[in-house]
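**Q** Pasted the sequence and its predicted model underneath.
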Amino acid sequence: MTRSRGNLALLAAFAVALAAAADPAPAETGEEAEAVSEPASRATYVHRIPLYDTEENKITPDSDPALPFSTRATCGDCHDYETISGGWHFSAPDPEAAPGRPAQPWIWVSRKAGVQLPLSYRPWPGTYRPEAVGLTPWRFVLRFGRHMPGGGPGEKFAGEPGDDPDARWPVSGKLEIDCLLCHGTDAAGDPIQWGLNIAEQNLMWAPAATSGLAQVRGSAREMPETYDPYMEPNAEAAAKGGPRVLYDKTRFDDEQKGFFDVDKPLASRCYFCHTNHPVGDGSPEKWERDEDVHLAAGLACADCHRHGLDHKISRGHEGEADECGRPAIATLTCRGCHLGHNLPNGIPTEGAGRLGAPVPRHEGLPIVHFEKLSCTACHSGPRPGQRAGRVQTSRAHALEFAGEHRGDDALPYIAQPVFVLQKNPRDGREEIAPHRMMWPAFWGRLDGEAVTPIPPDEVLDVAEDILEVEAGADESKVVPLISREQIFKTLAVLAAADPKAGEPVYVCGGKLYRRGPDGNLIASDHPAAAPYSWPLAHDVRPAALALGYGGECTDCHSMDAPFFFGKVAADGPADLGEPVTVSMYEFQNQDPVALVAWALSFQFRPFLKVVGFVSAGVIAAILILYGFRALAALLKWADREGSQG
């Protein structure tokens, strides 16, 4: 590599000088020391560094053409880019990567086609791989890249041009990991530009556009297939509207080094992809909602969700330490931080109270709660109501971008909190934990008992006229839910389009629908219609707002307690009549009769306490009475014996 490594050379020289001052003896091994290593100091390194493009040519603000800097070439000068690319945010398409605990999927939404389909490159049960429904890496990046930090399908795992005839990687460049999306603290850095540039197919330019160091103008999407991003200026008339970079010259020093304001990720940067916004009747406004109690106390997301150079961020769930062989992670779970990590049944042990966390005593709370419930069951998410509420998320609803998609009725429909039985990876026991949940809706073909989804685009190719917005409807507003009649007609068209393929079906609202012989839709249960759910951890409420606080057992143990008897509607993008509703206890494999009987015991508990105390008082009085009588008899005996003696 011929490019200059000014900063690295300076650091290396400084390190050598220090080493020589401390120990002038030469090394005995004869091996060269590593030139690049992660600094051990807690001090923030000032990132005034040279910039390089993807071909490792040095960039200056006066370069013509001014190409976007490459994070692989620029940041990789000091940090091992390949190691970083194995992190949780980037490794999903890698078949060698660990799947990890199921989490929020990417959700392919088409309101017009009546589709909300959970996708994941990781083999999470209930999700579908993008390529299985026609989403090549190119199409996946254009659809979901707005909330991806780069890498993954946009770079290392991007398909070859032959895999997708519509792919334009030579024109757009690849979407490298944008280190500044998370680590940048520059007030001028704008993550919105990331999504806007991906929409324009400016993949190679997106990191520069969000950095605060430059502005990007023009669109690769408007360029022909023959466009070359590295061509000389004015080499082709068509390139006049192509992407160009305008660097802020005031951010470069006299050595042509650019300045990046970099530090530990701020919570505001995490929120760009990890915001949750309750919607619907009764939902509080943004200003009415409290922030997670940890952030309100002064912690940052990265204080608990830590990582090393490998960027395998600790996700904070129990059992993670064993999964990845990193024991220190055990102290970054709810239990590990507040109660200590070597603990039985929620009793505080050594190591409790990390980072100043309060050590809960849970006085009066039976031990069985720590065996049957996760910490988040009582402390996380909104308090449950009689019906699970609806929530929108950054990744599913693009909350950071303005537009019609921001309406409360926007797809996909996600419910919270839903209390679901899950297996604790730490010890394998089953426990109840709060989840977010969505019910899939998609068109598919039945092959035996399996249902294979049909991509929404293919459905619209043959049934767009059927699924058109009704005449007279205001298309500027949310598209209406598709009707039963439209579903039946679309199934008929799909059957005619490919008679040799499996029977077309429609999955929605917890049911599988197929055409009946009398012109009606036949609904049936099917595993493909089951909901997909993922654990809910934030926002965490303070102890005073936890379920059961202050001995309020009836928060959960009453005849209509939402924890067990709350309803979850199987909402979907089709008008199929009154939606199917499922009670919470069904997701917990609980017996409703036993729950009612147990709840009744709490109704009579105050009376039983009175009876118990009265009974204890009567028994105590009787014992005292007989005690006095026994004492009197003893005294008489003693007096009689004394007189005879």
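**A** Good, I have the coordinates.
**Q** Could I get the buried residue list for stretch 278-285?
**A** Judged by neighbour count (16 or more other CB atoms under 10 Å), stretch 278-285 contains these buried residues: 278-279, 283. Backbone N, C-alpha and C define where each C-beta goes, glycine included.
**Q** swap in stretch 98-106?
**A** Neighbour-count burial for stretch 98-106 flags 100-102, 104-106 (criterion: 16+ other CB under 10 Å).
**Q** Please produce CSV containing those, extended by secondary structure and pLDDT.
**A** Formatted as CSV, these follow (DSSP: H, G, I helix; E, B strand; the rest coil; pLDDT from 0 to 100):
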residue, secondary structure, pLDDT
100, coil, 87
101, coil, 88
102, coil, 91
104, coil, 94
105, coil, 96
106, strand, 95
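**Q** Go through the residues you listed and say which is closest to residue 595.
**A** residue 102 (26.9 Å; CB to CB).
**Q** one step back: please identify which pair of the buried residues of stretch 98-106 lies farthest apart.
**A** Maximum distance among the buried residues of stretch 98-106 (CB to CB): 16.5 Å, for 101 and 106.
**Q** Tell me the one of the buried residues of stretch 98-106 nearest residue 508?
**A** Proximity of those to residue 508 (CB to CB) peaks at residue 105, which lies at 17.2 Å.
**Q** Hmm, that closest one is touching residue 120, no?
**A** Yes. Residue 105 lies in contact with residue 120 (CB atoms under 8 Å); the separation is 4.7 Å.
**Q** Need phi/psi at residue 441.
**A** As for residue 441, its main-chain torsions (degrees, to the nearest 10) stand at phi -140, psi 120.
**Q** Could I get the contacting residues of it?
**A** By CB atoms under 8 Å, 6 or more residues apart in numbering, the contact set of residue 441 is 114-117, 506-509, 572-574.
**Q** same question, residue 151
**A** 85, 89-90, 175-177.
**Q** Against residue 494, how distant is the nearest residue in space to it that is not next to it in sequence?
**A** Leaving aside its chain neighbours, residue 151 sits nearest to residue 90 (3.6 Å; criterion: CB to CB, 6 or more residues apart in numbering). Distance of residue 90 to residue 494, computed by CB to CB, to the nearest Å: 37 Å.
**Q** doesn't residue 443 make contact with residue 452?
**A** No. Using CB under 8 Å, residue 452 is not in contact with residue 443; the gap is 10.1 Å.
**Q** okay, those two: which has more neighbours?
**A** Neighbours were counted for residue 452 and for residue 443 using other CB atoms under 10 Å; residue 443 has more, 27 against 16.
**Q** For the more buried one, which three-state class applies?
**A** Secondary structure, DSSP: H, G, I helix; E, B strand; the rest coil: residue 443 is strand.
**Q** one step back: from the contacts of residue 151, which is closest to residue 373?
**A** residue 89 (30.0 Å).
**Q** pLDDT value on the residue lying closest to the closest one once chain neighbours are set aside, please?
**A** Excluding the flanking residues, the one nearest residue 89 by CB to CB, 6+ apart is residue 149, at 5.1 Å. pLDDT for residue 149: 92.
**Q** And the strands in the stretch 251-400 of the chain?
**A** Counting by DSSP state E, counting those that start in this stretch, the segments of the stretch 251-400 of the chain that form strands are 258-260, 276-279, 389-393.
**Q** So what touches the last one?
**A** Under the contact criterion CB under 8 Å, 6+ apart, strand 389-393 has outside partners 104, 274-280, 282-283, 382, 399, 408, 410, 413-417, 436, 571.
**Q** please redo it, this time with the cut-off set to 6 Å
**A** Here strand 389-393 makes contact (CB atoms under 6 Å, 6 or more residues apart in numbering) with 276-280, 414, 416.
**Q** Quick test: name the residue nearest the centre of this structure.
**A** The residue lying closest to the centre of the chain (CA atoms, centre = their mean) is residue 104, at 4.7 Å.
**Q** these two touch, right, that residue and residue 534?
**A** Yes. Using CB atoms under 6 Å, residue 104 is in contact with residue 534, at 5.3 Å.
**Q** hmm, back to that, Throw the strands of the stretch 251-400 of the chain into a markdown table and include mean pLDDT, thanks.
**A** As requested, those are arranged in a markdown table below (pLDDT from 0 to 100):
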| stretch | mean pLDDT |
| --- | --- |
| strand 258-260 | 89 |
| strand 276-279 | 92 |
| strand 389-393 | 93 |
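**Q** now the ones you listed as CSV including distance to residue 221?
**A** Shown next, in CSV, are those (distance: least, CB to CB, whole Å):
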stretch, distance to residue 221
strand 258-260, 27
strand 276-279, 30
strand 389-393, 27
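**Q** closest to residue 214 out of these?
**A** With CB to CB, the closest approach to residue 214 among the strands of the stretch 251-400 of the chain belongs to strand 258-260: 8.8 Å.
**Q** buried sites along the closest one?
**A** Buried, per 16+ other CB under 10 Å, within strand 258-260: 258-260.
**Q** And for stretch 582-595?
**A** Under the neighbour-count criterion of 16+ other CB under 10 Å, stretch 582-595 has 582-585, 587-588, 590, 595 buried.
**Q** Can you measure across it, start residue to end residue?
**A** With CA to CA, to the nearest Å as the measure, stretch 582-595 spans 16 Å from end to end.
**Q** Let the chain start at 35 from now.
**A** All right, first residue 35 from here; so that's stretch 616-629.
**Q** quick one: average confidence on it?
**A** Taken as a whole, stretch 616-629 has an average pLDDT of 87.
**Q** Check stretch 265-274 too.
**A** Stretch 265-274 comes out with an average pLDDT of 56.
**Q** Go through the buried residues of strand 292-294 and name the one nearest residue 404.
**A** Each of the buried residues of strand 292-294 was scored against residue 404 by CB to CB, and residue 294 proved nearest at 45.9 Å.
**Q** Name all residues that make contact with the closest one.
**A** Contacts of residue 294 (CB under 6 Å, 6+ apart): residue 81.
**Q** Report the beta-bridge partners for it.
**A** Using DSSP bridges, the beta-bridge partners of residue 294 come out as residue 81.
**Q** ok, back up a step: got CSV for the buried residues of stretch 312-319, with distance to residue 352 too?
**A** Output for the buried residues of stretch 312-319, formatted as CSV (distance: CB to CB, whole Å):
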residue, distance to residue 352
312, 27
313, 31
317, 30
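**Q** what about the residue nearest to the centre of the chain, distance to residue 569?
**A** From residue 138 across to residue 569, the span is 10 Å (CB to CB).
**Q** And for residue 475?
**A** 23 Å.
**Q** now swap in residue 644 and tell me
**A** Counting by CB to CB, the gap from residue 644 to residue 569 is 41 Å.
**Q** between these two, who's got more neighbours?
**A** Using other CB under 10 Å, the more surrounded residue of residue 644 and residue 569 is residue 569, with 20 against 10.
**Q** partner residues bridging the more buried one?
**A** residue 469.
**Q** And the pLDDT at it?
**A** Looking at residue 569, the pLDDT reads 93.
**Q** got it, and residue 90?
**A** 89.
**Q** a strand runs through it, doesn't it?
**A** No. With three-state DSSP as the criterion, residue 90 is coil rather than part of a strand.
**Q** Return the set of buried residues in stretch 526-535.
**A** 527-528.
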